[in-house]
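Q: following is a predicted model, sequence given first.
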Amino acid sequence: MKTLRHWIVAVCALLVCGVAGAKGKNDLQTIYIFGVGAAFGDTVVCFTDIQKLEGKELVKKGFLQARSQYSYQLKNYLEYNENLPHRTCAIYFSEKKGKIEKAYSKLKAKYEGDKTLFVRTIPSLEFKFEEVE
């Protein structure tokens, strides 16, 4: 009886260690992100495509880590590659694809509803967010 109890404890310990080890191996987070760049004195508003971003601890306590770095990536791309200086860039993200798609379509429809603005979409082939370490 005592041997059986030792075997049960050993098997439980192996199961717990196996589950903890499996969780540690696959601790990459996935978020969906898009950016918007606009200037108050210009009629061009730029949207990026919704992009999938994977990395370690991207979101902590509901906030995107180093979120200013992602907006600077977009700002620098617009200034140097598209010749659109002085942009204010905002980043939107979510861990749920449906939620970010809803926010994207709502915001884009708002800008497209204003007939004085020209909305331009930047495809993922031209600009891609890079993970910030």
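A: Ah, there it is. Numbers count the residues shown, from 1 in each chain.

Q: in the protein, where is pLDDT below threshold?
A: 1-26 (pLDDT under 70).

Q: spatially central residue in it, please.
A: In the chain, the centroid-proximal residue (C-alpha atoms, centre = their mean) is residue 33; its distance is 3.5 Å.

Q: that one touches residue 54, doesn't it?
A: No. Assessed by C-beta atoms under 8 Å, residue 33 is found out of contact with residue 54, at 10.8 Å. To be clear about C-beta, it is placed using only N, CA and C from the backbone, and glycine gets the same treatment.

Q: what separates the first and last residues of stretch 111-131, distance-wise?
A: 28 Å (C-alpha to C-alpha, to the nearest Å).

Q: now do it: distance to the chain's middle.
A: Counting by C-alpha atoms, centre = their mean, to the nearest Å, stretch 111-131 is centred 16 Å from the centre of its parent chain.

Q: flag every buried residue along that stretch.
A: Neighbour counts using 16 or more other C-beta atoms under 10 Å place 119, 122, 127, 129 of stretch 111-131 among the buried residues.

Q: distance of the last one from residue 38?
A: Read it as residue 129. From residue 129 over to residue 38 the distance is 18 Å, taken as C-beta to C-beta, to the nearest Å.

Q: what are the contacting residues of the longest strand seen in the chain?
A: Counting residues, the longest strand in the chain under DSSP state E turns out to be strand 28-38. Identification of contacts with strand 28-38 by C-beta atoms under 8 Å, 6 or more residues apart in numbering yields 44-59, 64, 70-71, 74-75, 78, 84, 87-97, 100-101, 104, 107, 129.

Q: you'd agree residue 53 is in a helix?
A: No. Counting by DSSP: H, G, I helix; E, B strand; the rest coil, residue 53 is not found in a helix; it is strand.

Q: can you give me the strands in this protein?
A: So, for the chain - with DSSP E - the strands run 28-38, 44-48, 51-56, 59-60, 63-64, 88-94, 118-122.

Q: and the first one, which strands flank it?
A: It stands for strand 28-38. Sheet pairing for strand 28-38, assigned by DSSP bridges, gives strand 44-48 (antiparallel), strand 51-56 (antiparallel), strand 88-94 (antiparallel).
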